[in-house]
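1. Sequence first, then the predicted structure:
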Amino acid sequence: MNDLHGILYAYRSDANLGELTRPRNTCSLPFGGRYRLIDFMLSNYVNAGISNVGIIVHESYQSLLDHLGSGKDWDLSRKHGGLRILPPFSYAEKGGGEYRGDMAALAGVANYLQNIREDYVIMGRGDMAINLPVNKVLEQHIATGADITLVCTPILHGAPRYSEYVEVNDEGRITDLSIHPSSAANSLESLRLYVISKQLLLDMVDYCAAHDIQHFSRGVLQPRIKSLKLCPYVHEGYVAQFQSISDYYQRSMDLLDPAVRADLFNPARPIRTKDQSNPSTYYGPDSVSKCSLVADGCYIEGEVENSILSRGVVVEKGAKVSNSVLMQGTVVKTGASLSYVITDKNVTVQEDRMLMGHQTYPLAIAKGSVV
């Protein structure tokens, strides 16, 4: 789709995810055994034929850079265009500090926006899991003549802190946008994913920069709800957002449901990720693996049940792992027992240790820890 340009916000780490985002940006959080969260939105863009994508970053993005590389695994490594990482250098020249909102982030990359060749821009966040037919969103945007199309969902998995809801009239036009409402009955939840023309976006960025407006929803959409034609695109499929460790655990466990996997990993719109060319997983003669997602490169001689194991996880003989999420390079030694546990990368659980959380309060172990 040569007339659509992709922008992804990846400039913030959510402190509510605790140990999981301390060493990384939220968008680079591992999910589903072999993916990072940014893989989903980036793949959505690529599956729609978008060949130019800009990713706005600000802090803790080294892990994100290591994962994305040149963009080759998403077919975005090109001589002209392709994947562009947009660090906050121009913004730093204007005074530095953190971005106070998405309009401030866009103002920080204003020169990049000016050079966009496409007529339309899709802006989204890279920290949610969704398989979205982006081409259909653009088709609806053009067909309805909307100034801005907001992607919405009737059911959102996870409890976002920045809840935004829209009300729609019989003509399919958004008549109200509310943020943190006490009640949201009969409303659609906005995913803060927008399609807009390049020229309108540039006008808004200039206006917001001149009037110190930091937020797109509060500063742009709410004051112009009547003067702009805002239309929703309703996505009926699975959508997951992550605002707490419990959210991350519950959404990871969702992947054990075949219906969720079928929706999220639709083969017609594949989710791409970094290729690591690991060997196949080894299962010992006495090993047990039940109702689990196990990535390649693992070495399992113990018992694994209702769990998700990333690449290179080792479960030694006599060890038991149940209802847990183990990230890359985790080693569970002989006699250890894990239940309702999330281990970050390269965690080692020593012999005969017992770690136990709860379904509503999983135990998260920081990256590189030896327990």
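-> Alright, I've got the coordinates. As the structure is a computational prediction, the values presented were derived from the model and not from experiment.

2. hang on, residue 286 packs against residue 301?
-> Yes: judged on C-beta atoms under 8 Å, residue 286 makes contact with residue 301 at a distance of 6.9 Å. (Glycine included, C-beta is placed from N, CA and C.)

3. Specify the local secondary structure of residue 220.
-> helix (DSSP: H, G, I helix; E, B strand; the rest coil).

4. about what we covered before: residue 286 and residue 301: which has the busier surroundings?
-> residue 301 (18 against 10; other C-beta atoms under 10 Å).

5. give the contact list for that one.
-> Remark: with contacts taken as C-beta atoms under 8 Å, 6 or more residues apart in numbering, residue 301 is in contact with 283-284, 286-287, 315-317, 319.

6. Next one, pLDDT for residue 24 please.
-> Here the pLDDT value assigned to residue 24 is 82.

7. Oh, that last question was meant for residue 223, not what I typed.
-> So residue 223 comes in at 89 (pLDDT).

8. Relative to residue 14, how far out is it?
-> 27 Å (C-beta to C-beta, to the nearest Å).

9. more crowded one of the two?
-> residue 14 (19 against 11).

10. Quick check: the closest residue in space to that one that isn't next to it in sequence vs residue 77, distance?
-> Leaving aside its sequence neighbours, residue 14 sits nearest to residue 26 (C-beta to C-beta, 6 or more residues apart in numbering; 4.8 Å). Computed as C-beta to C-beta, the residue 26 to residue 77 distance reads 24 Å.

11. Neighbour count: those two, which is higher?
-> Taking neighbours as other C-beta under 10 Å, residue 26 and residue 77 compare with residue 26 leading, 25 against 12.

12. Just want the phi and psi numbers for the more buried one.
-> With angles defined as degrees, to the nearest 10, residue 26 sits at phi -60, psi -40.

13. Touching, it and residue 127? I think so.
-> Yes: using C-beta under 8 Å, residue 26 is in contact with residue 127, at 4.5 Å.

14. Buried ones only from the contacts of residue 301, please, as a PyMOL command.
-> Typed into PyMOL, the next command selects the buried ones out of these (criterion: 16 or more other C-beta atoms under 10 Å):
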select buried, resi 283+315+316+319
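
15. what about the strands in the stretch 51-200 of the chain?
-> 52-57, 82-86, 120-125, 128-130, 148-153, 164-168, 174-179, 188-197 (DSSP state E, counting those that start in this stretch).

16. Common neighbours of residue 26 and residue 127, please.
-> 10, 14, 37, 242.

17. And those, which two are furthest apart?
-> The largest separation in the shared contacts of residue 26 and residue 127, counting by C-beta to C-beta, is between 10 and 242 at 13.7 Å.

18. Need the overlap of contacts for those two.
-> Listed as contacting both residue 10 and residue 242 by C-beta under 8 Å, 6+ apart are 26, 127.
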